[in-house]
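Enquirer: Quick one, what's the 3D model for this:
(one chain, ligands or ions: 1)
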Amino acid sequence: MRDKFYITTPIYYVNDNPHIGHAYTTLSCDVMARFKRLDGYDVLFLTGTDEHGQKVERAAREAGTDPATFCDEVSENFRILAREWNFSNDQFIRTTEQRHIRSVQALWRRLEEAGEIYLGTYEGWYAIRDEAFYTEDELGVDDAGRKVAPSGAPVEWVKEPSYFFRLSAWQDRLLKLYEDRPDFIMPEVRRNEVVSFVGGGLNDLSISRTGFTWGIPVPGDSRHVMYVWIDALTNYITAVGYPDESSELFTSWWPALHMVGKDILRFHAVYWPAFLMAAGIEVPGRIFAHGWWTSEGKKISKSLGNVIVPSEIVARYGLDQVRYTLMREVNFGNDGDFSHRGAMLRCNHDLANDYGNLAQRVLKMIARNCRGRVPPPGTLRDQDRELLAQGRGLVDRLRRHIEIQAFQLMLRDIWEVIGAANRYIDAEAPWKLRDVDPQRMETVLYCTAELIRILALLTQPVMPESSARLLDQLAVPDDRRDFASIDEEHSLRPGCPLPEPEGVFPRLAESTS
Ligand code: ME8
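Expert: Purely as a prediction, here's the structure:
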């Protein structure tokens, strides 16, 4: 049986249309999911929408519609994003689905039976934009002198009856979890933040609200709807069949790797494992919190009018170009800045010049000088063997990077080999060999074409479409495109006819804006 790999994105609020931040998190999951599939794993890749809560209820009202209709409409935009960006998610979950409501209510009952829930009164600050409670000392003040959440979101004073989860009792067990599993939260700076937050002591968590109705009713007390975060987090187990924990579905997939933005780490790394431990369910495999994107050096916000619309940047640069740029520009985990200049450089320098040109040069020479067929390898010299060994050795290096979500390093290593291939071809100058030593020319073209095959296999997770076009041009059969096919046994067959070469990464015209 193949190994299983379960990966999740946050489920996105439907109060907003998808933007580059959402696309980024899902893209990182897509790259991991594709990599693992190509590497022989059975993969479950989950994304979806978070549809309950006061924020969504309010957004629906502002849009002049009822929450259910509003959710249907905006949720669809996230599905469209997934199609437009070629995301390979296996499931798209919505928290308004029956299976999810059943799952959250079952989890609630379990926590209640375990004595982890009690009824009290919540009195304190609440930020609807963050759907989060804050203590007085966490708040700051905005320019107008109003109290705001650490995220800058406005807060309001809430006093209402509420069910509480005994989070305070979980401090030691959470700290022990972080200590026993140093890579449970990544990257390390984020882990340290969480350890110090939990180390500072935890308050019991209010997990129900009465001031509005757009939520999952609390079992046995329909005056309350559940706090949107207990509802939302549970999606990760709903998707694998919870509450049917003994099912093959659940036991074979859970636990998952959760990819999130740093803004929602506390919910995932503190509340979620506490809920799970309290319910006797295994905690997640890992929570990776990535950084925040700005645009041309500025915070992305609707009021600044600099929201980066996913479909617009794709139209401008090309889908795989954008996927590459986002994965290459920043060390995953750090903050990043999206700039037109940066994107142009990536497209024209890394893709058109380094990778695209390498493939074009070689494929064209094969078309012209080898009657459009894979040439025979002939007798390999040391430098030929070295180049191919570098290519074949890549996959192990990439596996190590992908295990720790180091996408940038993965691409850097691939580009190191692309650089080596360009130097090799310049040094061997097959165009000069045509008349003086045609056999050597064939060897050089064979080796570079074979290396391009390996590179195109390895760039599939980040650039699925362009890599597929390169593999088509090398006549690589569909069932020989997984990582097991990188080995020598599956190398290009001499004499195999190749289609007419065509450029895959066009140069984009420079523009200033
Ligand atoms: O928080 N840079 O949903 P949400 C990078 N429903 N990533 C960004 C970003 C930016 N500028 N802006 C948004 C929620 N993101 C909850 C999640 S999960 C059980 C419930 C990404 O629609 C990043 O992944 O506000 C962030 O964590 C997520 O969008 C927040 O999406």
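Enquirer: Could you look up the SS state of T213?
Expert: coil (DSSP: H, G, I helix; E, B strand; the rest coil).
Enquirer: what's the closest non-adjacent residue to the residue in the chain that the ligand sits nearest to?
Expert: In the chain, the residue found nearest to the ligand is G21; the distance is 2.1 Å by Cβ to the nearest ligand atom. For glycine as for every other residue, the C-beta is placed from the backbone atoms N, C-alpha and C. Nearest non-adjacent residue to G21, counting by Cβ to Cβ, 6 or more residues apart in numbering: W293, 5.7 Å away.
Enquirer: wait, what's in contact with the one you found?
Expert: By Cβ atoms under 8 Å, 6 or more residues apart in numbering, the contact set of W293 is I20, G21, Y24, I300, I308, D335, G336, D337, F338.
Enquirer: gap between the last one and I20?
Expert: Counting by Cβ to Cβ, to the nearest Å, the gap between F338 and I20 amounts to 7 Å.
Enquirer: shared neighbours, the two?
Expert: With Cβ under 8 Å, 6+ apart, F338 and I20 have common neighbours W293, S295, I308, I313, L326.
Enquirer: neighbour-wise, which of the residues you listed leads?
Expert: The residue in those with the most neighbours, by other Cβ atoms under 10 Å, is L326 (24 neighbours).
Enquirer: Does anything pack onto the helix or strand where that one lies? Which helices or strands?
Expert: Assigned by DSSP states H and E, L326 belongs to helix 319-329. Here helix 319-329 touches helix 20-38, helix 310-317, strand 336-338, helix 340-345, helix 407-428, helix 464-473, going by 3 or more Cβ pairs under 8 Å, 6 or more residues apart in numbering; DSSP states H and E.
Enquirer: Just say which of the ones you listed is most tucked in.
Expert: Highest mean neighbour count of those: helix 20-38, a mean of 23 (counted as mean count of other Cβ atoms under 10 Å).
Enquirer: Would you mind getting the angle between that one and helix 319-329?
Expert: Helix 20-38 and helix 319-329 meet at an angle of 90 degrees, taking axes from the mean of the first three to the mean of the last three Cα atoms, to 10 degrees as the criterion.
Enquirer: quick one: contacts of the least confident helix or strand in the chain by mean pLDDT?
Expert: Sorting the helices and strands of the chain by mean pLDDT, DSSP states H and E puts strand 298-299 at the bottom, at a mean of 88. Residues outside strand 298-299 that contact it (Cβ under 8 Å, 6+ apart) are L304, N306.
Enquirer: before we move on, back to that, need the contact list for the residue of the chain closest to the ligand.
Expert: Taking Cβ under 8 Å, 6+ apart, we find G21 in contact with G261, W292, W293, I300.
Enquirer: my guess is A468 meets Q460, correct?
Expert: Yes: counting by Cβ atoms under 8 Å, Q460 is a contact partner of A468 at 7.2 Å.
Enquirer: and for those two, which residues touch both?
Expert: Common contacts of A468 and Q460 (Cβ under 8 Å, 6+ apart): R481.
Enquirer: Which positions in stretch 173-182 come out as buried?
Expert: The neighbour-count check on stretch 173-182 (16 or more other Cβ atoms under 10 Å) flags L174, L177, Y178 as buried.
Enquirer: Can you tell me which of these is closest to L358?
Expert: Checking the buried residues of stretch 173-182 against L358 with Cβ to Cβ, the nearest one is Y178 at 45.0 Å.
Enquirer: Leaving out the residues flanking it, which one is nearest to that closest one?
Expert: Leaving aside its sequence neighbours, Y178 sits nearest to V195 (Cβ to Cβ, 6+ apart; 5.3 Å).
Enquirer: same check, this time on L119
Expert: In space, and not counting its chain neighbours, L119 is closest to Y163: 5.5 Å by Cβ to Cβ, 6+ apart.
Enquirer: For the one you found, give its distance to E116.
Expert: Between Y163 and E116 the distance is 10 Å, computed by Cβ to Cβ.
Enquirer: and these two? which has more neighbours close in?
Expert: Taking neighbours as other Cβ under 10 Å, Y163 and E116 compare with Y163 leading, 25 against 22.
Enquirer: Help me confirm that that one comes into contact with Y118.
Expert: Yes: taking Cβ under 8 Å as the definition, Y163 is a contact partner of Y118 at 7.1 Å.
Enquirer: Need the worst-confidence member of the contacts of W293.
Expert: When the contacts of W293 are compared on pLDDT, I300 comes out lowest, with 86.
Enquirer: Can you report how many residues lie near the closest residue in space to R223 that isn't next to it in sequence?
Expert: Setting aside the residues directly before and after it, R223 is nearest to T210 in space (Cβ to Cβ, 6+ apart), at 5.7 Å. Counted with other Cβ under 10 Å, the neighbours of T210 add up to 16.
Enquirer: how about stretch 28-43 against the ligand, any contact?
Expert: No: using Cβ under 6 Å from any ligand atom, stretch 28-43 never reaches the ligand; the gap is at least 8.9 Å.
Enquirer: can you list the residues that contact that stretch?
Expert: 2-9, 45, 47, 85-90, 257, 259, 290, 323, 327, 332, 398-399, 402, 405, 407, 457, 460-462, 464, 481-484.
Enquirer: What of stretch 154-163?
Expert: Stretch 154-163 has contacts (Cβ under 8 Å, 6+ apart) with 117-129, 134, 139, 146-149, 206-211, 218, 221, 223-224.
Enquirer: picking up where we left off before, closest to G503 among the shared contacts of F338 and I20?
Expert: I313 (21.1 Å).
Enquirer: How about the contacts made by that closest one?
Expert: Counting by Cβ under 8 Å, 6+ apart, I313 has contacts I20, V322, F338, A343.
Enquirer: could those residues be laid out in JSON lines, adding distance to H100?
Expert: Formatted as JSON lines, the contacts of I313 follow (distance: Cβ to Cβ, whole Å):
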{"residue": "I20", "distance to H100": "27"}
{"residue": "V322", "distance to H100": "31"}
{"residue": "F338", "distance to H100": "33"}
{"residue": "A343", "distance to H100": "37"}
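Enquirer: Please, where are all the helices along the stretch 251-400 of the chain?
Expert: For the stretch 251-400 of the chain, the helices defined by DSSP state H, counting those that start in this stretch occupy 265-266, 272-278, 310-317, 319-329, 340-345, 357-369, 382-403.
Enquirer: could you dump those to JSON lines with mean pLDDT and distance to Y424?
Expert: Below are the helices of the stretch 251-400 of the chain laid out as JSON lines (pLDDT from 0 to 100; distance: least, Cβ to Cβ, whole Å):
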{"stretch": "helix 265-266", "mean pLDDT": "97", "distance to Y424": "44"}
{"stretch": "helix 272-278", "mean pLDDT": "98", "distance to Y424": "49"}
{"stretch": "helix 310-317", "mean pLDDT": "96", "distance to Y424": "29"}
{"stretch": "helix 319-329", "mean pLDDT": "98", "distance to Y424": "23"}
{"stretch": "helix 340-345", "mean pLDDT": "95", "distance to Y424": "24"}
{"stretch": "helix 357-369", "mean pLDDT": "97", "distance to Y424": "10"}
{"stretch": "helix 382-403", "mean pLDDT": "98", "distance to Y424": "5"}
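Enquirer: Since that was my last question, I'll sign off now.
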